[in-house]
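Visitor: sequence plus the predicted model coming up.
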Amino acid sequence: MQVKKVFAITAALVLAACSSGGVPETTPSPSASAAANAPVGWPVRTAEYVDLWLHGYAMVLNDTAKVPLFDRGYRDQIMERRRQLNVTTALDANTQKLRDGMSGKPNLEGSGQFVIFSFESWDEVLRVTRLFVQNEGSPQTVNDQTTQQLFLALRSAFKTVADREWLRLFVQSLDDEQTKFYQSYWTAQQADRAAARQAIQTAWNNTYKAKFQGYLRHERLADGTFILSLPLGGEGRALFDAQQGNAIATSFPGSSTNAMGAIYTFAHEMVGNAASRAIEDNLTPAQAREGLSAKLLPIGQVRAGAILLSRVAPELVQGYQRFYLQQVGSAVPSGDPAAAFVAAFSVPQAVADGIARQIDLVLAGI
């Protein structure tokens, strides 16, 4: 399954991203106070409640994307940890029911992942989702403007009675998961990955933020939040809105040795718009109707990240190529990985050339 790469982002997301976050396809307008607190300069952040939501999806979703939507092997690693601790929760008991309920429903499989970024805390998720289910998703049944806006965000993904029942069971399961397992796991992981986070922040603040600055500025992404998320891998999540704020959620490597994985994911996410434009420009109307764009975008975006790095940080290109070969489970050559990378992420030459042109246009400020 592929998730659309560009989403509207509210300032509520940006507040969430101050701990860290991501967002749905369409969300309500932010409050003035939220907008005033929007972060600047792409600070590096984390957020437990956002990771909890994505963790739930990682455990339930049948992830068949070429570039996995979640960290490769994440579910198996979590299951092994739980076996070691002899822990079971409501999420285990309800996984099959949740999996069956979302099957064939893009709104649950895709958009549902991103509603968490409209919220500011897990307590708010619990309160608002309960009201949302009880009041049949109608914003007119509540008086508080913030709650009304959150109802609208939820309603974009959970449209029917069956969808809302799925949401109720999912949140109930995650709450038990949080209490019995995830809170202690997440806290321990933050300590274990402190050196990796420091290495990412140092590389980002001292070197790569400046190298990416021109591209970000020309794409109107000068400010935003750089989010490290435990469940995510190289696919990441990109959340752009020129007026309200931006966020990019990336992988959170387990050690400082692999810290650059987060930078690679950031590069991959920031070129989503350019890759999409290039693909659309090089498809016939018939190919567009057949949905070829959705098939090409995940592959083209990986290629786009490498092209961007070749322009602004060529020292990262081979590392990026190896990282994404690992993400899709391909063999990684001991020498130059370029040929293996192009073979693993093959797109029509016209599309590859179009992506390069789009990136060069952005870098030129055109």
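Guide: Yep, it's here.
Visitor: tell me how far the residue positioned nearest the centre of the chain lies from residue 231.
Guide: Centroid-nearest residue in the chain: residue 237, 2.1 Å away (criterion: C-alpha atoms, centre = their mean). Going from residue 237 to residue 231 by C-beta to C-beta, to the nearest Å gives 10 Å. Heads up, the C-betas are built off the backbone N, CA and C, glycines and all.
Visitor: ok, for residue 168, nearest residue in space, not its chain neighbours?
Guide: Nearest residue to residue 168, sequence neighbours excluded (C-beta to C-beta, 6 or more residues apart in numbering): residue 133, at 4.7 Å.
Visitor: element containing that neighbour?
Guide: In the assignment (DSSP states H and E), residue 133 maps to helix 122-134.
Visitor: so what's the gap between that helix and the chain middle?
Guide: Relative to its parent chain, helix 122-134 has a centroid offset of 23 Å by C-alpha atoms, centre = their mean, to the nearest Å.
Visitor: which strands and helices lie in contact with the top helix by length along the chain?
Guide: Longest helix of the chain, by residue count under DSSP state H: helix 292-312. Judged by 3 or more C-beta pairs under 8 Å, 6 or more residues apart in numbering; DSSP states H and E, helix 292-312 is in contact with helix 209-218, helix 260-270, helix 272-281, helix 317-327, helix 349-363.
Visitor: run the chain-centre distance for the second one.
Guide: This means helix 260-270. 11 Å.
Visitor: can I get the CA coordinates of it in PDB?
Guide: C-alpha atoms of helix 260-270 as PDB (Å, rounded to 0.1, in the frame of the first residue of the first chain):
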ATOM      1  CA  MET A 260      22.500   9.200   8.800                       C
ATOM      2  CA  GLY A 261      19.500   7.000   8.000                       C
ATOM      3  CA  ALA A 262      17.300   9.800   9.400                       C
ATOM      4  CA  ILE A 263      19.000  12.400   7.100                       C
ATOM      5  CA  TYR A 264      18.600  10.000   4.100                       C
ATOM      6  CA  THR A 265      14.900   9.700   5.000                       C
ATOM      7  CA  PHE A 266      14.600  13.500   5.300                       C
ATOM      8  CA  ALA A 267      16.100  13.900   1.800                       C
ATOM      9  CA  HIS A 268      13.700  11.300   0.400                       C
ATOM     10  CA  GLU A 269      10.700  13.100   1.900                       C
ATOM     11  CA  MET A 270      11.600  16.700   0.800                       C
END
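Visitor: what is it packed up against?
Guide: So helix 260-270, by 3+ C-beta pairs under 8 Å, 6+ apart, packs with helix 194-203, helix 209-218, strand 225-229, strand 237-239, strand 247-251, helix 292-312, helix 317-327.
Visitor: save those as TSV, and put in mean pLDDT too.
Guide: Formatted as TSV, the helices and strands packed on helix 260-270 follow (pLDDT from 0 to 100):
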stretch	mean pLDDT
helix 194-203	97
helix 209-218	94
strand 225-229	92
strand 237-239	78
strand 247-251	89
helix 292-312	94
helix 317-327	97
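Visitor: how about these, which one is nearest residue 259?
Guide: helix 194-203 (3.8 Å; C-beta to C-beta).
Visitor: can you point out the buried residues in that closest one?
Guide: By neighbour count on 16 or more other C-beta atoms under 10 Å, the buried set for helix 194-203 is 196, 197, 199, 200, 201, 203.
Visitor: one more: stretch 110-128?
Guide: For stretch 110-128, the neighbour count (16+ other C-beta under 10 Å) marks 110-120, 122, 124-126, 128 as buried.
Visitor: distance from it to the middle of the chain?
Guide: That offset, for stretch 110-128, works out to 14 Å (C-alpha atoms, centre = their mean).
Visitor: what do you get for stretch 214-227?
Guide: Stretch 214-227 has its average C-alpha position 16 Å from the chain's average C-alpha position, going by C-alpha atoms, centre = their mean.
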